[in-house]
Structure formats: structure tokens, C-alpha cells
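[1] My questions are about this predicted structure, shown below with the sequence.
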Amino acid sequence: MSPDNAPTPAYVIDPAGGCPHALNARLRARGPVADVVLPGGVPGAVVLGHEALKEFLAHPDAAKDARHFPSLHDGTIPPNWPLRAFANAQGMHTSDGADHRRLRSLVGNAFTARQVERLRPRIEELTAGLLDDLGRAAAEGPDGVADLRTHFALPLPMSVICELLGVDPEHRGRLHHLSHTVIIATDTTPAEAMAAVRELVELMGTIAAARREKPGDDLTSALIAAREGDGDRLSEAELIGTMRLMLVAGHETTLNLISNAVRALCTHRDQLALVQESKATWSDVVDETLRWDGPVSWFPFRYPTRDLTVDGTVIPKGTPVLAGYTAAGRDEAFHGPDADRFDITRPTAARNLSFGHGAHYCVGAPLARLEAVIALEQLFTRFPDLELAVPEPELPHQHSFIGNSVESLPVRLARR
């Protein structure tokens, strides 16, 4: 038995991931920050408590640029490290200060509340069409069952972000596969991850070349125009990195958000009834889902530029730090002793950190919220008796410690 004052061993992250909530509770019980061992044997840390994470995300000495991660460059970490794609990506999500403000300004205008609201009619139109597809899939499926992720939760945000970026429909299936492999599926081999990164970069380059040849009223064309109008505004690597970020963040998180909200409502019919009886709103559902079962679990990376004390715990300079969004969402110290309970009337739900905090707050948050609200309202209006086709504990969880959802979501649209 270890002595009481022995240091707590670092948690070794399982690349296959799984449902994070029991693990989060165990680690949070030790403190707001935990030492971890990343895949590949790389030492790191995860921030788990709500207030600790809020402090860390906004801290001026917590950088996003991987030049503050010495082990990545000095030969300590091998070139084929599977998480290298996160650190090496170029874009506003891996930049700081003036560089971050420059890159964010190029896309920020497309995601203001006013601009996003202009997309409402198109999102409603897409949603209605996809619900028709879901109904047909259920009618044709065995025992009236259809996979809601495949037929609804995925194609809705994928269609919206691809239309915004000017991505032709024939590329969308492959883009989802590649982005899922690179960002979400953390159990892939280093060779698979590197091959997917290369193909994704090449495909984004192909898309950019098409928009360069034939510009349109889309975000990619606008980014290209900004680059070519003032050559130092956006490098080619930054262009591809920004497009990649918009694509991945613009559909993977919303896919998980919609899926998790449907699971929560199907297993908490009393909460669904509150909305159906106009005692709560679909926005309340979205807020509580983001808190209770957020779409992103532990997200890489930030790096302290000096030894940093966060809520009493020192994180050494240069440590790769994960943001523990699902852990912060169920922190009893902030959300109360019933933080494990799904409650869409919870006063603190809207203060969740699932879209980040500070300068790097998710630029696409208004779009994700709007898509989720429209999707849930139309789904349960069209199919008020929708239910899970298998017991919720039997749903296969994503093989990821980054993404947090299920691999499939079989549902019946009407009760038997």
C-alpha cells in the first residue's frame, strides 16, 4: 500500500475512450486538475473543475501555439505521434494574440448572431427534408427502426457547413470519414491517422482550388479573396487549416449535440414533456445537454508558457493540457449536488463551458445552437413518440476520449 502522502499516479488515457462520466467523477474527486499520460506515453494534464477550467481557458499564460510545447520539437515525441495532428494544425485554434485575432476576424463575420439568423430558413428547409428521409428509412427498415445519426443528426450540420464553405456534395461523405478519423477516432493507429491527415489536407486543397477557379458566395471564396488581396493576411497553410477547422467543428460537434439531446430526452420523458407543454424551451434543452452530456469530452491542447497555478495546482511550463469539458459540466461544486441529473430547468445550465471561454470561445456556437434547436423542435413535433430502439446503456459509445456521443442511434418514430 502506498503511503498517504505518495503522489497520485497519472491516469493513463485509453485511446478507445468510452463514456467519460464515471472517469470524470473519479478524477474530479482528487482535485480540479489531474495528471494524465497521453497516447504514446506523453505526459500531460486535464483540467476538470468548472471554475478551474474557466480560469485556465481565459488565462493569458495558457497558449494554443505548439511552439510552447518543447517535447514536440526536441525529438522527445516521435514524428508519428497520433495526436501530432492537433498540435501541428495551423489556424485560429492553434494561434495566439495578434495572429489569432487576425485569423478570427476573417471568419467571425460569417458567424455573428445576425448572419446566423439569416440561415434559419435554409436550416428549417434542410431539417424538414431530412425528417422525410428519416421517416422513409424507418418505414423501410427492420421493425420500423432507423439510425437517427446517419439519416438526420449527421447530414443536417454537414450540409449546412458545406454550403457555407462552398463544398460540392460529392466530397461530403469522404470529408466526414476523414475528419472523424483525424479528430474523433482516437483509437486509430499512427499510420492510419497520418494517412487521413494527408488525404484531408489534399482534399481541402482540391476544394480551395475549385473555389479559386470559380469563386462563389461562400466562406472559402471569401478567405481566398482575403489571402490574394493581401498576401500576408492568410498563408496557404492557414487557409487549409481554417477550412479544416470550420468543417470539423461545424459538423462533428453539432452531430454529437443533437444525438446526445435526443438520447437524453428519450430517457427523461418528464423533461421532454416540459417542452411539449411550453414549460421550458428547446434552448433550455440545448443548454442542459451541453452541460450534462456535452459533445466534446477532453479537447487538446493548451500549453502553459510558465509554471501555472490553477485552482491551487501547479501545471508545469510546456505541459500539453486537455480541456475537460464533460468533467466541468458535472462539477458538483458549481452545478450543485444533483449535477448528474438531467434537468432542463437548471439555473446554471446556460453557464456551461462546452463552447469554451475567453478569446477562443467557439466562433460557431450561435450556428450550432440554432441547428440543434431547429432539429429538436422539428423532430419531436413530427415524431412526438420517438423512442430509442435499444436500451440506452447498450448504445455503442464513440471510440474516442475527445468526442462524446454514440456511434449509432437506432430509433423508432412511433411507439409499438
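    Right, received. Where do you want to start?

[2] so where do the helices sit in the stretch 151-300 of the chain?
    Ranges of helices within the stretch 151-300 of the chain are 155-165, 172-179, 190-213, 219-229, 236-267, 269-276, 282-292, based on DSSP state H, counting those that start in this stretch.

[3] Residue 95 is nearest to which of the ones you listed?
    Nearest to residue 95 among these is helix 236-267; the distance by Cβ to Cβ comes to 8.5 Å. Using the backbone N, CA and C atoms, a C-beta is placed for each residue, glycine as well.

[4] Pull out the buried positions in that closest one.
    Neighbour counts over helix 236-267 (16 or more other Cβ atoms under 10 Å) mark 238-266 as buried.

[5] before we move on, what about stretch 359-369?
    Within stretch 359-369, the residues scored as buried using 16+ other Cβ under 10 Å are 360, 362-369.

[6] what does stretch 58-71 give?
    By neighbour count, and taking 16+ other Cβ under 10 Å as the criterion, the buried residues in stretch 58-71 are 59, 62-66, 68-69.

[7] Let's have the residues you listed in CSV, adding pLDDT.
    Formatted as CSV, the buried residues of stretch 58-71 follow (pLDDT from 0 to 100):
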residue, pLDDT
59, 96
62, 97
63, 97
64, 96
65, 96
66, 95
68, 97
69, 97
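
[8] out of the residues you listed, who's nearest residue 219?
    Proximity of the buried residues of stretch 58-71 to residue 219 was ranked by Cβ to Cβ; the top entry is residue 64 with 21.5 Å.

[9] Distance-wise, check the closest one relative to residue 162.
    Noted for residue 64: a distance of 26 Å to residue 162, by Cβ to Cβ, to the nearest Å.

[10] One more: residue 108?
    Taking Cβ to Cβ as the measure, residue 108 and residue 162 are separated by 20 Å.

[11] quick one: which of the two has more around it?
    For residue 108 versus residue 162, neighbours defined as other Cβ atoms under 10 Å are more numerous around residue 162 (23 against 13).

[12] Excluding chain neighbours, what is closest to that one?
    Take residue 162 and drop its neighbours on the chain: the residue closest to it by Cβ to Cβ, 6 or more residues apart in numbering is residue 172, 5.4 Å away.

[13] Just give the number of residues close to the one you found.
    For residue 172, the neighbour count with other Cβ under 10 Å is 18.

[14] For it, give its distance to residue 329.
    Between residue 172 and residue 329 the distance, using Cβ to Cβ, works out to 30 Å.

[15] Now do the same contact list for residue 179.
    Contact analysis of residue 179 by Cβ atoms under 8 Å, 6 or more residues apart in numbering lists 200, 244, 247-248, 251-252.

[16] With distance to residue 309 as added columns, please give the residues you listed in CSV.
    Conversion of these to CSV gives the following (distance: Cβ to Cβ, whole Å):
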residue, distance to residue 309
200, 38
244, 34
247, 37
248, 32
251, 37
252, 33
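
[17] Put together JSON lines for those residues, with pLDDT and distance to residue 91 on each row.
    Converted to JSON lines, the contacts of residue 179 look like this (pLDDT from 0 to 100; distance: Cβ to Cβ, whole Å):
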{"residue": "200", "pLDDT": "88", "distance to residue 91": "13"}
{"residue": "244", "pLDDT": "85", "distance to residue 91": "7"}
{"residue": "247", "pLDDT": "87", "distance to residue 91": "11"}
{"residue": "248", "pLDDT": "85", "distance to residue 91": "10"}
{"residue": "251", "pLDDT": "89", "distance to residue 91": "16"}
{"residue": "252", "pLDDT": "90", "distance to residue 91": "15"}
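
[18] Could you pull out the strands in the stretch 1-150 of the chain for me?
    Across the stretch 1-150 of the chain, reading from the start of the chain, the strands by DSSP state E, counting those that start in this stretch fall at 11-12, 33-38, 42-47, 62-63, 145-147.

[19] Skipping adjacent residues, who's closest to residue 23 in space?
    Spatially, and ignoring its direct neighbours in sequence, residue 23 is nearest to residue 11 (7.8 Å; Cβ to Cβ, 6+ apart).

[20] my read: the one you found touches residue 35, true?
    Yes. Counting by Cβ atoms under 8 Å, residue 11 touches residue 35, with 7.1 Å between them.

[21] Could you confirm residue 393 falls within a strand?
    No. Assigned with DSSP: H, G, I helix; E, B strand; the rest coil, residue 393 falls outside any strand and is helix.

[22] residues in contact with residue 350?
    Residue 350 sits in contact with residue 287, where contact means Cβ under 8 Å, 6+ apart.

[23] now swap in residue 399 and tell me
    Listed by Cβ under 8 Å, 6+ apart, the contact set of residue 399 reads 15-18, 185-187, 407.

[24] 6 Å - rerun?
    Listed by Cβ atoms under 6 Å, 6 or more residues apart in numbering, the contact set of residue 399 reads 16-17, 185, 187.

[25] What is the lowest-pLDDT residue among these?
    Lowest pLDDT among the contacts of residue 399: residue 185, with 76.
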